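K.L.:
With the input below, show me the fold.
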Amino acid sequence: MRLEAQNGLVRFHKPYIFVNWSTLSPMTDRPRTPRVHAVARHKTILVVDDNPSMRAILAIWLNRFVHLPFRLRVLTARDGEEAWRILCVSRVDLLLANHHMPQTPGTQLIRRVKSSTRLRNVPCVLESIGELPGLAAEGLSCGADFVISLLNNDKSDLEFVLATALGVSPHMEIDLGRNPHESVLTPQWWATSWNSSPL
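P.N.:
Take a look at the predicted model:
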């Protein structure tokens, strides 16, 4: 099934993952170049969380339990300011920022990244261990590419988001019958099922 890029959010896997389709590249009619998955290089992920336990857990998940066709290099930061310093001097392929941080919330950091000419193409994931209803709207407004709740401790959700954000799984061509994440809800399904008010 082909999905056109649309403004707004698409919900993946029950209530746990939201995708900001307006920030993803639009579909074209030209033939797609086949992706080569046997990539020798690594990808760098910056994990930003004020909770040291959560930083450690996410680093372990990313290094041991997330299976992608390249090696992951995980950098960590305690807050948005430290993350910004790392972003200014290091090449980062993906930013995973916690929503609730005392000094610089994840939304503020992502907004800063998306307004930077050099960093605006870095995929940004806003994560929280709480419920998503308000968080999804905040993620959309700050420019986050994905919003994920880790409330259910499902590592496959995180793996799915990282794979999509890093270009491993095609985010524009989705087969509803073969989706490993139980359900992929299109914008049309969302509108008809929730009367156009998913948030």
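
K.L.:
And the helix or strand hosting L46, what does it pack against?
P.N.:
Assessed by DSSP states H and E, L46 sits inside strand 42-48. Applying 3 or more C-beta pairs under 8 Å, 6 or more residues apart in numbering; DSSP states H and E, we find strand 42-48 packed against helix 52-60, strand 71-77, helix 80-89, strand 94-98. Backbone N, C-alpha and C define where each C-beta goes, glycine included.

K.L.:
what's the closest of those to A144?
P.N.:
Nearest to A144 among these is strand 94-98; the distance by C-beta to C-beta comes to 8.2 Å.

K.L.:
and that closest one, average pLDDT?
P.N.:
Mean pLDDT, strand 94-98: 93.

K.L.:
Same check on stretch 161-168?
P.N.:
Stretch 161-168 comes out at a mean pLDDT of 81.

K.L.:
residues of that stretch that come out buried?
P.N.:
Using 16 or more other C-beta atoms under 10 Å as the test for burial, stretch 161-168 gives 161-166, 168.

K.L.:
what's the answer for stretch 101-116, then?
P.N.:
For stretch 101-116, by 16+ other C-beta under 10 Å, it's 101, 104-107, 109-114.

K.L.:
Could you tell me which ranges of this structure sit under the pLDDT cut-off?
P.N.:
The model of the chain has pLDDT under 70 over residues 1-40, 130-134, 152-154, 169-199.

K.L.:
go again using 80 as the cut-off
P.N.:
1-41, 65-69, 129-137, 140, 149-158, 167-199 (pLDDT under 80).

K.L.:
So which residues of it form helices?
P.N.:
52-60, 80-89, 106-115, 133-142, 155-165, 187-193 (DSSP state H).

K.L.:
Kindly state which of those helices is positioned closest to H67.
P.N.:
helix 155-165 (6.8 Å).

K.L.:
Which other helices and strands does the closest one contact?
P.N.:
Against helix 155-165 (3+ C-beta pairs under 8 Å, 6+ apart) you get strand 17-20, strand 124-128, strand 146-149.

K.L.:
so what strands line up beside the longest one?
P.N.:
Paired strands of strand 124-128, with direction, are strand 94-98 (parallel), strand 146-149 (parallel) (DSSP bridges).

K.L.:
Tabulate the buried residues of stretch 161-168 in a markdown table, adding columns for distance to A137.
P.N.:
Shown next, in a markdown table, are the buried residues of stretch 161-168 (distance: C-beta to C-beta, whole Å):
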| residue | distance to A137 |
| --- | --- |
| V161 | 18 |
| L162 | 23 |
| A163 | 25 |
| T164 | 21 |
| A165 | 20 |
| L166 | 25 |
| V168 | 28 |
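
K.L.:
H42 is nearest to which of the helices of the chain?
P.N.:
helix 155-165 (13.1 Å).

K.L.:
Taking helix 52-60 as reference, get the angle to the closest one.
P.N.:
Angle between the axes of helix 155-165 and helix 52-60 is 70 degrees (criterion: axes from the mean of the first three to the mean of the last three C-alpha atoms, to 10 degrees).

K.L.:
got the angle for helix 155-165 vs strand 71-77?
P.N.:
Going by the same axes, to 10 degrees, helix 155-165 makes 100 degrees with strand 71-77.
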